[in-house]
Each structure stands twice: as structure tokens, then as C-alpha cells.
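**Student:** Model the structure of this input:
(2 chains)
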Amino acid sequence: MALRIWNTLAGEKQLFESRGDPVGMYVCGMTPKFRPHLGHARLYVVADVIRRTLEYLGYGVKHVQNFTDIDDKIIERARSEGIRPDEASRKYTDAYFEAMARLGVRPAHEYPTVTGSMPSIIAYIQGLIDRGYGYVVDGDVYFEVARFPEYGKLSGRTDEEGLVGARKELEPGKRDPRDFALWKRARPGEPSWPSPWGEGRPGWHIECSTMVRDTLGDQVDLHLGGRDLLFPHHENEIAQSEAFTGCVPFARYWVHIGVLQTERAKMSHSLLNFTTVDEVLDRFEPAVLRLYLLGTHYRAPMVFSEDGLRGADRGLRALRAAYAQEGDVVAQLEGRAADALREFTAYLEDDFNTAGALGILFDTAHELNRAVTGEEAAPRLRGVFRTMIDLLGLPMGEERPAAAVAAAPFVELLVETRTALRDERQWVLADRVRDRLRDLGVVLEDTPNGTVWRLDEGAR
RNA sequence: GGCGACGUAGCCAAGUGGUUAAGGCGGGAGUCUGCAAAACUCCUAUGCGGCGGUUCGAAUCCGCCCGUCGCCUCCA
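**Tutor:** Residues are numbered from 1 along each chain as shown, chains lettered A, B, ... in the order given. Here you go, the predicted structure:
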């Protein structure tokens, strides 16, 4: 089986053929204007699994992800916090790295930034002007969409009326409503950089075109991003890049990750309806969130729910129990192990179908438990199970939440006492301790190896 | 208004022409256990938003309708 990917540009699933080694993978990074929310987590966890899958299949991958570290929202945010814009972007870039490390998202190879790419961006804009695609109006520079006939090939928006929308007026200075800013003239009190067109800063889309070229060349294999960036951001990126380099297509495979929504609307910073990664990780282990996010195919929209998280918590526990199984008798499960791994990777190779793959993972966990329970250990099955876990990047080591760490000495004292009671067959008292702890959100399990405990999910 | 996506059991969610429609959560019965928990066994959609159509055959293809969401403005 070979890797097939749904390419937004083609509107169909295509066989993946790399241009060379390593595969160039560019992921549209975040604008660090606040702590990352669950929508970000979904995108970057999916990107991480895509990269793991490629590497498993034997591809070398060069993963580049940017930070758009200067824009209106960052300036706004910095003002409200009484700090400088660069301090704000630094702060939330750090928050991003912290959250992703907890989620087991492997770092990209490079993280270019707008402020760190200024000379390159200016040269790129000048290049577009020189080639006749850009025009200057009083310190602003615009991209002239009419000069790029291919415009709209990614989003399917070719109709000018549809592009403009009912509400949007033609801004003064623009020749065409579709034209977009490459460089924005500085406004008083805002950070700015010198340029041939005067003080200002880059428009929103140009940084990606520039940074892709600087880090990965004129063409990338994979370009990933949220579905909400499809238009206008990615459409504009294509226009800029192909106009500048003449290399078509700019990105061979466009992969768009569906948005995460709350009950009624998309989760976003501007709607203030988001849940941050931190908020979830205060109460659930990172592996729970990761498992939850991978339970829906990446292209489908996903509605965030607390119940879903609790379900994932239970599911994770089952996987972890299977993961921890020990055994030493060789079983006749060699064939089954190979089948399971083949089925699992077939799902991942078919447009990164993590939800389908999870089905096989759970099947395998059950088989493993069965094999061990039946005194038939399955070393090979255990091996493929661990391979699957790694491909999805699910941490199997338990990370005890802060509340559990704090409670540990006291809970352990009670467990000790209860064990003594059980040794004396004082069942009523022993059960009372267990029941009372249960009421407090502490679950006790008596196993052949002693009593283990954990905090109930959601009660963290 | 324009463009697009989606609608599968109580909930979540795979499945894109052909055996009995994966898997998870929840629920029910049982094995094990001092009792529980975990694990294990079994059960939980004659049906895939609705109505038509194509086909020997459709959740899967086509049309219309209903509903939800996204983009068209900052957004991952």
C-alpha cells in the first residue's frame, strides 16, 4: 500500500510522490497573541502524526513551522497587557512550545519568524513589484490579482462578486477588491521597519511565501494549515509564490485540517469562545487530549465536548493496561500481529485516517489482554502494539496531575491502613475507606500486586 | 447573497458500489474477586437526515429538499 493524501488543490485523494529527500513540510504556525487553544492543538497534533507517518514509511522529513510574530492582534494584546509587542509575541511563543511539549508534539526543524525575516520579505516584495505583480500606493504595497490569472485555483473562488462579498467595500488605493497588502504603511505608535516604500510592516500573507522559499526552496511537497486559512491566506500565498518564482505548483499537496468548534461556532481567539490547552491539561493528562483529538478524521469538523474528553480518558486507561501487560510464553499470534500492523498502517496511509487506525489499536489491545489472560503472551503482538502507539505519539507513561501529587502521601497512608484492615478481614471498615475515598474522587483498585489508586477523571 | 463541507446506534466515530455497517464511551447480563475495580465473554443500528433516481445490487453515485457548520473580515 502506498500513501495517499487528499490534496485540496486537486479536490481528490492522490498518490503521494515526493520530489526528493527530505520531504519538505511547511505548517502554517500561529500568531502568538494568546495561549494556544484546542483548535491549535488539533492542527499541530495532526501535523505531528502526519510527520510520524511519513517517517515510518521511510521518508526523511524537513518540517518548518512559522510564527507570525507581528500583526494587529499582537499589538492590541500587548497594549492591553501594558507590554511591548515583541514581549507579547515572545510570551505566547513560549506558551506554544510549553503546550506542545506536553502534548508530545515533536519540534519542527526550523521556526522562522516575520521579524527575523525582514530583509528577505522586503526583497521578495521588491521582486514582485519588479515582475509587475505589485504596485505602490502612498507607502502601501498591494499585490495585483488581475495579473495572476490562476488566482482562485485552490479555493475555487473565481467570481469577483463572490470574492468581494456583500459587506466588503473597495478600499481606497486598491485597483481591484481582490488585491491584498504586501506591505502596510506604518501607523503612529506601532512597530515598523524601514523599506524602499517607507516605514511599515509586512502584510499578512507575504511572510509565508518568503519563509517557505528561504527554508524549503521554490516548491514544497506538503503545505498544512487550518481549513480556515484556505481563503484568502493560502490562495494569496500561491499567487505570491508562483508569481515570484514561476515554479508551479508552489505546494504539491495542500492539506487542510478541519476546524474545532464549540457547540455553536468555531473556536477562535476573536470570538472568545475558546478553551486553552492549559485549561484542559489542568484536568486531563496530555495523552487524553491527544487520543481525543485523533478520534476524528482530520478533515472533518469536530465539535469539542467535555464528555468526549472523559470517554478518551477511559479509553486511554484501557490502552495503558494493555501496554503494561507482561508475559513470557510465546504465542501463536505472529500472523495476527503482522495483519494488525498492516491494517493499522493502511489506515494511516489512506489520508492519515487516525480514527480508523484507532479501531485497530483498540482491537489489538484487546487481543493482547486476551493473550495474556489466557497465559499466552504475545511478544510480537506487544511489539506491533507499541509501534502503533508510537505512530500516534500517545504517551503511555502516566503523568499525574498536580492534585494527585499533592494528595499522594495522604492517599498512600489510607491505602496502607486499609491494606492492614483487609489483612485482618475487616471488610466493613476497609470498604468504608474505599467508598469514602471514591466520594472524594479517589478510585482504589485491588490487584494481585497490591492496591493502586488514581484520581477519577474530571475530578482533577 | 456567493462558494464549500458535513448529517451513520443514547453520545463520539470509521466505512465512498457487493459477505453478518469497524472501534470508543455509556448501558445490560455473566466469569473472576471477600465485595468492588480492572481484565475477559456475550448483548446493545433489518438500518446510515428526508424524498426520488441510476444499478442485478447504494450508507457509499446523481437530483431535489431539510438541518448544522465553515469561508467570503482577524483566525489553526
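**Student:** Residue A:213 looks like it's in a helix, true?
**Tutor:** Yes: membership of residue A:213 in a helix is supported by DSSP: H, G, I helix; E, B strand; the rest coil.
**Student:** Verify the contact between it and residue A:242 for me.
**Tutor:** No: between residue A:213 and residue A:242 there is no contact under Cβ atoms under 8 Å: 11.4 Å. For every residue, glycine as well, the C-beta is placed using N, CA and C.
**Student:** So chain A: which segments form each domain?
**Tutor:** For chain A, automatic domain parsing gives the domain ranges A:4-134+A:142-166+A:205-261, A:283-392, A:402-455.
**Student:** Where among these is average confidence lowest?
**Tutor:** Least confidently modelled of the domains of chain A is domain A:283-392, at a mean of 85 by mean pLDDT.
**Student:** contacting residues around stretch A:424-442?
**Tutor:** Here stretch A:424-442 makes contact (Cβ atoms under 8 Å, 6 or more residues apart in numbering) with A:407, A:411, A:414, A:417-418, A:421-422, A:443-444, A:453-456, A:459-460.
**Student:** and it with RNA strand B, contact?
**Tutor:** Yes: shown here: stretch A:424-442 in contact with RNA strand B (Cβ under 7 Å from any atom of the strand) through A:427, A:430-431, A:434.
**Student:** Please apply the same query to stretch A:401-413.
**Tutor:** No: applying Cβ under 7 Å from any atom of the strand, one finds stretch A:401-413 separated from RNA strand B by no less than 14.5 Å.
**Student:** tell me the secondary structure for the closest residue to RNA strand B within the stretch 1-150 of chain A?
**Tutor:** Closest residue of the stretch 1-150 of chain A to RNA strand B, Cβ to the nearest atom of the strand: residue A:39 (2.4 Å). The three-state label given to residue A:39 by three-state DSSP is helix.
**Student:** With mean neighbour count and distance to residue A:186 added, can I get the domains of chain A in CSV?
**Tutor:** Listed next are the domains of chain A as CSV, based on neighbours: other Cβ atoms under 10 Å; distance: least, Cβ to Cβ, whole Å:
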stretch, mean neighbour count, distance to residue A:186
domain A:4-134+A:142-166+A:205-261, 19, 12
domain A:283-392, 18, 39
domain A:402-455, 13, 45
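**Student:** any chance of these in CSV, plus distance to residue A:195?
**Tutor:** Shown next, in CSV, are the domains of chain A (distance: least, Cβ to Cβ, whole Å):
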stretch, distance to residue A:195
domain A:4-134+A:142-166+A:205-261, 5
domain A:283-392, 38
domain A:402-455, 48
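**Student:** Just the residues of stretch A:424-442 next to RNA strand B: which are in helices?
**Tutor:** Taking DSSP state H, the ones among the residues of stretch A:424-442 next to RNA strand B that sit in helices are A:427, A:430-431, A:434.
**Student:** and of these, the nearest to residue A:289?
**Tutor:** residue A:434 (29.2 Å; Cβ to Cβ).
**Student:** returning to what we had before: for the contacts of stretch A:424-442, which one is nearest residue A:222?
**Tutor:** Distance to residue A:222 across those (Cβ to Cβ) is lowest for residue A:460, with 36.7 Å.
**Student:** Tell me which of the domains of chain A sits nearest to residue A:180.
**Tutor:** The nearest among the domains of chain A, by Cβ to Cβ, is domain A:4-134+A:142-166+A:205-261 at 5.5 Å.
**Student:** how far does the closest one sit from the chain's center?
**Tutor:** Remark: domain A:4-134+A:142-166+A:205-261 is offset 13 Å from the chain centroid, using Cα atoms, centre = their mean, to the nearest Å.
**Student:** what does stretch A:390-408 give?
**Tutor:** Relative to the chain's own centre, stretch A:390-408 is displaced by 20 Å; criterion: Cα atoms, centre = their mean.
**Student:** Does residue A:121 touch residue A:206 like I think?
**Tutor:** Yes: with contact defined as Cβ under 8 Å, residue A:121 and residue A:206 form a contacting pair (5.8 Å).
**Student:** still on that earlier bit, go through the contacts of stretch A:424-442 and name the one nearest RNA strand B.
**Tutor:** Closest to RNA strand B out of the contacts of stretch A:424-442 is residue A:422 (5.1 Å), distances taken as Cβ to the nearest atom of the strand.
**Student:** which residues does that closest one contact?
**Tutor:** Residues near residue A:422 by Cβ under 8 Å, 6+ apart: A:430, A:446.
**Student:** so which strand or helix has it?
**Tutor:** Assessed by DSSP states H and E, residue A:422 sits inside helix A:402-423.
**Student:** Keeping just the C-alphas, turn that helix into CSV.
**Tutor:** The C-alpha trace of helix A:402-423 is given here as CSV (Å, rounded to 0.1, in the frame of the first residue of the first chain):
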residue,chain,number,x,y,z
ALA,A,402,-0.6,18.2,40.3
ALA,A,403,-3.6,17.5,42.5
ALA,A,404,-2.7,13.8,42.6
VAL,A,405,0.9,14.5,43.5
ALA,A,406,-0.2,16.7,46.4
ALA,A,407,-2.7,14.1,47.6
ALA,A,408,-0.3,11.2,47.3
PRO,A,409,1.2,10.9,50.8
PHE,A,410,-2.3,11.1,52.4
VAL,A,411,-3.9,8.7,50.0
GLU,A,412,-1.0,6.3,50.4
LEU,A,413,-1.3,6.4,54.2
LEU,A,414,-5.0,5.5,53.9
VAL,A,415,-4.2,2.7,51.4
GLU,A,416,-1.7,1.3,53.8
THR,A,417,-4.1,1.4,56.7
ARG,A,418,-6.8,-0.2,54.6
THR,A,419,-4.5,-3.0,53.5
ALA,A,420,-3.8,-3.7,57.2
LEU,A,421,-7.6,-3.9,57.7
ARG,A,422,-8.0,-6.2,54.8
ASP,A,423,-5.3,-8.5,56.1
